[in-house]
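>>> Structural data only, the sequence is not supplied:
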């Protein structure tokens, strides 16, 4: 009876082949009876005889998948983690999906191509963020006299350089030095507006996050879920991970205000700020709110507090989820996030103590985006599976 009910699932050639390989692998160490049953099952001609019946009733797929799970569990000592490798592939290619919304409906090849495009775009934005950090640290952006969308070649002759210098004399940077009559030293150079810099960096982070999330949704429409126990564990972790990811984003934005105010050059000591824990001038600006965005002392103090809180929060996330029943991929991501958070704090302290060299400063900015990437991947992996997949999951993941 089971063969008669399951045979329609094998009408599509790709599904028949995938399921055969899946069953053969699952029963490789099973009894001889189970292997013979699998062989007889695929040697019958029932598949062709009930083609019409299956096409007229595609929703029978769900009930057949549940029976297939019971068939696996009935084999002594054997367990295939889930039907996800079979049922998900089928659900991606059929219009009878229940609760699963695909961003790309052109098949696995189309999903792969779109995924490559999205991940490539995200990598390009990542490189632009790192290059932007180098541009800021070397103050290359302040020397621009004009900006052309199509780009252009730098000056190649003495006459062209003189023309560019005349344009530079009209810039706010040159006028400020001319009024003060002082040479442009490292600490006297004009600052980029911290508000504009923060908005610029935040928008880059948002674009990158959107590309990464969308790419993950295309290539991984279902989260890794092998049992209801793991799904429930993922839901518990998600409630803790969401506020932590928000804290990571806020800390990254505060770093933009540190860069915009050149706060990294103010107190190059750690853990104290100079000789004190809290400088006396942290609230000297009026109105009070300006201190959190324009006061060098307060901006650096805020970033120190936020960075330490982020590290403690991520470590606490790992500690609180040690005994939660989770998919191995989720547990690995949590461990990787803890390691990256520790590395990011180490880079930040090293950058501060070394008076913000270009190499460490750009690495610290890249580390912030890497840490955010891991948090995005973790949140994406903790999503709730579709109703179609939930109905096919066992209560507890069994092992061989």
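Nice, thanks for sending it over. Note that the structure is a prediction, hence the values are computed from the model and not measured.

>>> Just the buried positions in whichever helix in the chain runs longest, please.
When the chain is parsed with DSSP state H, its longest helix is helix 228-260. Neighbour counts using 16 or more other Cβ atoms under 10 Å place 228-231, 233-234, 237-238, 240-241, 244-245, 247-249, 251-260 of helix 228-260 among the buried residues. Any C-beta I mention is one placed from the backbone N, CA and C, and that applies to glycine too.

>>> Likewise for stretch 325-343?
Quick answer for stretch 325-343 (16+ other Cβ under 10 Å): 325-327, 330-331, 333-334, 337-338, 340-341.

>>> go on, stretch 278-289?
Buried residues in stretch 278-289, counted by 16+ other Cβ under 10 Å: 279, 282.

>>> From here on, call the first residue 37.
Right, with 37 as the first residue, what we last looked at is stretch 314-325.

>>> helix or strand right after the least confident helix or strand in the chain by mean pLDDT?
Lowest on mean pLDDT, DSSP states H and E among the helices and strands of the chain sits helix 125-129, with a mean of 40. Moving toward the C-terminus from helix 125-129, the next helix or strand (DSSP states H and E) is helix 144-173.

>>> how about the strands of the stretch 337-436 of the chain, start to end?
In the stretch 337-436 of the chain, no strands are defined using DSSP state E, counting those that start in this stretch.

>>> Quick check: which ranges of it have low pLDDT?
Applying pLDDT under 70 to the stretch 337-436 of the chain flags the ranges 433-436.

>>> residue contacts, the nearest residue to residue 279 once chain neighbours are set aside?
Spatially, and ignoring its direct neighbours in sequence, residue 279 is nearest to residue 349 (7.8 Å; Cβ to Cβ, 6 or more residues apart in numbering). Contacts for residue 349 were tallied using Cβ atoms under 8 Å, 6 or more residues apart in numbering; they are 279-280, 283.

>>> again with residue 334
318-319, 327-328.

>>> Can you tell me which of those residues is nearest residue 412?
residue 328 (26.4 Å; Cβ to Cβ).

>>> If I follow the layout properly, the closest one ends up in contact with residue 335?
Yes. Using Cβ atoms under 8 Å, residue 328 makes contact with residue 335 at a distance of 7.2 Å.

>>> Looking at the two now, which is surrounded by more residues?
Set residue 328 next to residue 335 and count neighbours by other Cβ atoms under 10 Å: residue 335 wins out with 27 against 16.

>>> now that one: how far from residue 344?
15 Å (Cβ to Cβ, to the nearest Å).

>>> Now stretch 342-353: buried residues?
342-343, 346-347, 349-350, 353.

>>> And for residue 431, the neighbour number?
Residue 431 has 9 neighbouring residues, counting by other Cβ under 10 Å.

>>> so who does it touch?
Counted by Cβ under 8 Å, 6+ apart, residue 431 has contacts 263-265.
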